[in-house]
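Trainee: Fold the following for me, if possible:
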Amino acid sequence: MNRRLIGLLALAATLVPPLVSASLAEGVTRLLASSPPARSAFWGIQIVDLASGRTLYELNSHRLFVPASNTKLFTAALALTRLGPDYLFHTRVLAGAPPDAVGTIHGTLRLAGGGDPNLSARAIPYRMGPPAANPLAALEELADQVAARGVRRIDGDLAGDDTWYIFDPYAEGWEIEDSQFDYGTAVSALAINDNALAVAIRPGPREGDLAALFLRPALEYYDFDNRVLTSAGGERKIEVRRDPGACQVHLWGSIPLHDRGEDVVLGIQDPALYAAQAFRQALENRGIAVTGRTVAIHRFPDEVSGLAGPVPPAAEPDAFELARRDSAPLLEDLRVTAKVSQNLHAEMALRAVGRARRGVGSREAGLEDLKAFLGEIGIDSQAYSLNDGSGLSPSNLVTPAAVVALLRHMYASTEREHWLSLLPVGGQDGTLSGRFGDGPAAGRIHAKTGTLAHVTALSGYAERPGGDWVAFSILVNNYFGHAADIRAVVDRIGTLLLEP
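Mentor: I've put the predicted structure just below:
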C-alpha cells in the first residue's frame with residue numbers, strides 16, 4: 001500500500017470514526033448544516049447500538065455541555081436504583097400527647113412532611129392532562145383523620161415541619177427570577193400542590209376597572225398589589241414580579257374587555273408555612289379551633305455536622321401520631337418527574353436519596369451519593385459536574401458519552417422495564433406528546449427532553465422497526481435563534497435513527 005493511500009485512509013478515519021454508520025453520518029452532517037442556527041450551535045452527539053455496543057455516530061461526545069433537564073436522567077436513575085420502585089414517603093400529624101377528655105391538644109400540633117412530592121391534585125398513576133381534583137385534598141384527608149380522633153381544639157401553635165430535609169430551598173446556580181415561578185419554587189420536605197399557586201387574571205366588568213384575580217388553591221398567602229386595568233381594546237400586556245424573599249406580588253399592565261385572561265403560576269416562598277396555613281383552614285372548616293400562631297419549623301444547613309453525610313439522622317422529638325398519609329410508590333412519582341420534567345420532584349428525589357443513604361436530606365448528600373453511583377457504573381468524574389437534581393442550574397455540565405453510559409447501564413439493569421416506563425414517548429405522552437407524532441418515530445422514541453436559554457437536549461432510546469434498540473444523547477448549546485428551529489433538527493436526527 002503506497003503512502004498516499006495510507007494518508008487518505010487516515011484522513012477518512014478522522015472524518016468518519018471507526019464503527020460509524022456512513023449513511024447516518026452523512027444524514028446528521030447534512031442536518032447540522034441545514035440552517036444558520038444549527039450551523040452556529042455547539043453540538044454534542046453519541047449514538048450507540050445496545051446489542052453490539054457499536055458506536056454508530058459521535059460528535060464532540062467527550063466534550064462538556066449544559067444538559068438542562070437531561071440532568072433528571074441521572075437523578076431518576078439514582079433514586080430508582082438506591083431507593084427502589086416501591087419506596088414510600090409519609091406525611092404525619094403529630095402532637096406531644098393524645099387529646100384530653102374534651103378533645104383538646106395541649107401544645108404545638110405539627111404537620112410533618114416526609115418528602116412526599118404528590119400532596120396535590122395530580123392523577124397518580126401518571127396520565128396526560130391538567131389536574132382536575134382539589135389541590136388541597138391530601139390536607140383535607142389528614143384533617144378528617146384528626147377530627148375522627150375526637151380533636152376539637154388545639155391549645156397551641158400549628159406548625160408546618162419540613163425538617164426531614166435541610167431547608168436550603170434553592171440550588172447553586174439558579175437564577176433569581178426562577179424563584180418567582182413554579183418551575184423554580186422552593187424545595188421542601190413538605191410540598192403542597194407542587195409548592196405553587198395559580199393566579200387567574202381576568203378583565204373587570206367595565207373599562208377602567210381593576211382586573212379580577214382568582215387564586216387556586218383559594219388560600220391567601222401572598223399580598224397582591226394589583227394595578228392591572230381593564231381596557232376597551234388592544235393587546236393584553238401584563239407584568240408580574242415578586243422580589244426575592246418578599247411576600248408581595250406586584251401586577252401591572254392592561255387587559256381588554258372580554259379577553260380570555262391570563263394564568264400565572266407562582267412559586268411559594270416558604271412551603272412549610274403555606275402548608276400549615278392550608279391545614280389550619282382545613283381543621284377550622286371541621287370545627288377544630290386553633291388558639292396559637294401558624295408557624296414553620298425548618299432545619300437549616302448550620303444545624304448539621306456535615307451536609308454531604310454520612311451522619312446519624314436527627315432524633316425526632318417524642319410525638320403522638322394523630323394522622324398519617326402514605327405516598328404512592330416512588331416509581332409513580334419518578335414517572336411524573338421524567339414525563340413532565342417536574343423540577344421540584346427531581347430535587348426532592350435527590351434529597352430523599354441523601355436522607356436514606358447518608359442520614360441527611362440535603363442536596364449535597366444526594367449529590368455525593370450520585371457521584372458514588374456514577375463511579376460504580378464506570379462513569380469518570382471528569383465527565384460531569386452536577387450541582388442540582390433537576391437541571392435548572394446552568395452550571396451543570398455533562399458529556400454526551402456520560403449520558404449514553406448511564407442509558408446503557410440502566411438498559412442492562414434489572415430495573416430496565418421500570419426505567420423505560422419513566423421516559424416520555426414520542427407522539428404519545430409527557431414532553432414528547434407533541435413531537436414525533438407522525439411517521440416512523442411515533443411511539444418509538446423514548447427520551448428525556450431538556451430546555452434552558454440557548455440549550456436544547458434530547459437523550460434516550462430509539463426502538464428500531466426490526467427490534468434493535470439504540471441509546472443516544474443529543475446536547476445542543478450556544479445556539480442563536482428560535483429553540484423550535486433547533487428542536488426540529490434534533491427531531492429529524494431522532495427519525496434518522498429508525499432508518500435501516
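
Trainee: Flag the shaky bits of the chain, pLDDT-wise.
Mentor: 1-21, 313-314 (pLDDT under 70).

Trainee: Give me the residue at the spatial middle of it.
Mentor: residue 343 (2.0 Å; C-alpha atoms, centre = their mean).

Trainee: Would you mind measuring from that one to residue 310?
Mentor: Counting by C-beta to C-beta, to the nearest Å, the separation of residue 343 from residue 310 is 27 Å. To be clear about C-beta, it is placed using only N, CA and C from the backbone, and glycine gets the same treatment.

Trainee: And residue 408, by the same measure?
Mentor: 29 Å.

Trainee: more neighbours, the two?
Mentor: residue 408 (17 against 14; other C-beta atoms under 10 Å).

Trainee: In three-state terms, how would that one be classified?
Mentor: helix (DSSP: H, G, I helix; E, B strand; the rest coil).

Trainee: right, and it touches residue 470 too?
Mentor: No: judged on C-beta atoms under 8 Å, residue 408 makes no contact with residue 470 at a distance of 10.3 Å.

Trainee: how about residue 33, what does it touch?
Mentor: residue 39 (C-beta atoms under 8 Å, 6 or more residues apart in numbering).

Trainee: hang on, I meant residue 123
Mentor: Contacts of residue 123 (C-beta under 8 Å, 6+ apart): 129, 131, 132, 133.

Trainee: which SSE is residue 82 in?
Mentor: Taking DSSP states H and E as the criterion, residue 82 maps to helix 71-83.

Trainee: And the contacts of that helix?
Mentor: Here helix 71-83 has contacts from 87, 330-331, 334, 337-338, 341, 346, 349-350, 352-353, 356-357, 366, 369-370, 373-374, 384, 386, 388-391, 396, 398, 403, 406-407, 409-410, 413, 415, 418-419, 422, 448, 450, 459, using C-beta under 8 Å, 6+ apart.

Trainee: From the residues you listed, list the buried ones, please.
Mentor: Buried members of those, counted by 16 or more other C-beta atoms under 10 Å: 87, 330-331, 334, 337-338, 341, 346, 349-350, 352-353, 356-357, 366, 369-370, 373-374, 384, 386, 388-391, 396, 398, 403, 406-407, 409-410, 415, 418-419, 422, 448, 450, 459.

Trainee: Which of those residues fall within strands?
Mentor: 384, 398, 448, 450, 459 (DSSP state E).

Trainee: who touches the first one in this structure?
Mentor: Applying C-beta under 8 Å, 6+ apart, one finds that residue 384 lies in contact with 64, 74, 374, 397, 398, 399, 402.

Trainee: repeat for the third one
Mentor: By C-beta under 8 Å, 6+ apart, the contact set of residue 448 is 69-70, 72-73, 338, 341, 423-424, 431, 457-460.

Trainee: Same check on residue 478?
Mentor: 40, 41, 42, 454.

Trainee: Among those residues, which one has the most neighbours?
Mentor: Going by other C-beta under 10 Å, residue 41 tops these with 21 neighbours.

Trainee: Now do that one against residue 456, distance only.
Mentor: 8 Å.

Trainee: Pull up the overlap in contacts between these two.
Mentor: Common neighbours of residue 41 and residue 456 (C-beta under 8 Å, 6+ apart) are 476, 479, 486.

Trainee: So what touches the helix or strand hosting residue 401?
Mentor: Taking DSSP H and E as the criterion, the element that holds residue 401 is helix 400-412. Here helix 400-412 makes contact (C-beta under 8 Å, 6+ apart) with 44-48, 50, 53, 58, 60-63, 65, 67, 70, 73-74, 77, 374, 377-380, 383-384, 416, 419-420, 459-461, 469, 471-475.
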